[in-house]
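Student: Quick one, fold the following:
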Amino acid sequence: MNIQAATMPRAFPIPSARTVANLAIGGFAGLGFWELFAAVPTAWFAEYPLEPPELVKSLFSHQFGLSLSTPVAKLLHFITGFLFYPLGYWVVTRWMKSFGMPADGWIWGVITYFIALAFFAPLAGQHFLLNDVPRLSVMSLIGHAIYGWLAAYVFEALEARETMR
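Tutor: Numbering: from 1, shown residues only. The predicted structure follows:
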């Protein structure tokens with residue numbers, strides 16, 4: 001056994017351009033669901049829609065003293081939903097332990113809920129997990145879980161189709 005090879009750090013894979021495109025398509029599918037879910041059933045059940053751009057605006061205001069316009073805040077939320085969260089899913093499932101679908105998608109969706117409401121919400125001056133409005137928090141959890149599953153499902157289906165060619 002080569003001692004030098006045993007002490008070398010493990011090389012991490014980098015996603016191909018096709019994989020990034022498939023991640024973005026999955027992210028768009030999940031984000032499309034999320035936007036509808038956040039606006040309609042959430043408003044019916046929780047009496048308020050989920051407003052991620054308002055969280056983004058509050059975060060930038062509290063942390064950096066910056067006042068973002070609503071279109072810029074929406075753009076940042078959309079980029080996160082169709083690109084950054086899907087890339088996070090890929091990193092977690094390709095570099096760490098994968099449980100396989102559908103578990104990976106559901107787990108990633110719950111992780112995105114915690115990123116948004118356990119990490120960013122307090123940094124934005126809001127309650128941890130929006131515990132001051134529990135029905136809104138529950139709807140956010142459900143929406144994020146389904147978002148994660150749908151984004152992962154579409155991505156994995158596209159990747160499987162690519163390997164069959």
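Student: Could you pull up phi and psi at Met101?
Tutor: When quoted as degrees, to the nearest 10, the phi and psi of Met101 stand at phi -80, psi 150.
Student: for it, what are its contacts?
Tutor: Ala152, Tyr153, Glu156 (CB atoms under 8 Å, 6 or more residues apart in numbering). Placement of C-beta: from N, CA and C, glycine included.
Student: confidence score at it?
Tutor: pLDDT recorded at Met101 is 87.
Student: again, but for Arg161
Tutor: So Arg161 comes in at 90 (pLDDT).
Student: Which strands or helices does the helix or strand harbouring it pack on?
Tutor: Assigned by DSSP states H and E, Arg161 belongs to helix 134-164. Counting contacts by 3 or more CB pairs under 8 Å, 6 or more residues apart in numbering; DSSP states H and E, helix 134-164 is packed against helix 17-39, helix 41-46, helix 85-95, helix 103-114.
Student: what about the protein, any weak spots by pLDDT?
Tutor: Within the chain, the stretches with pLDDT under 70 are 1-12, 165.
Student: Next up, the contacts around the residue nearest the centre of it.
Tutor: Nearest to the geometric centre of the chain sits Tyr85, at 3.6 Å (CA atoms, centre = their mean). Contacts here follow CB under 8 Å, 6+ apart; on that basis Tyr85 touches Gly27, Gly30, Trp108, Thr112, Ile115, Gly148, Ala151.
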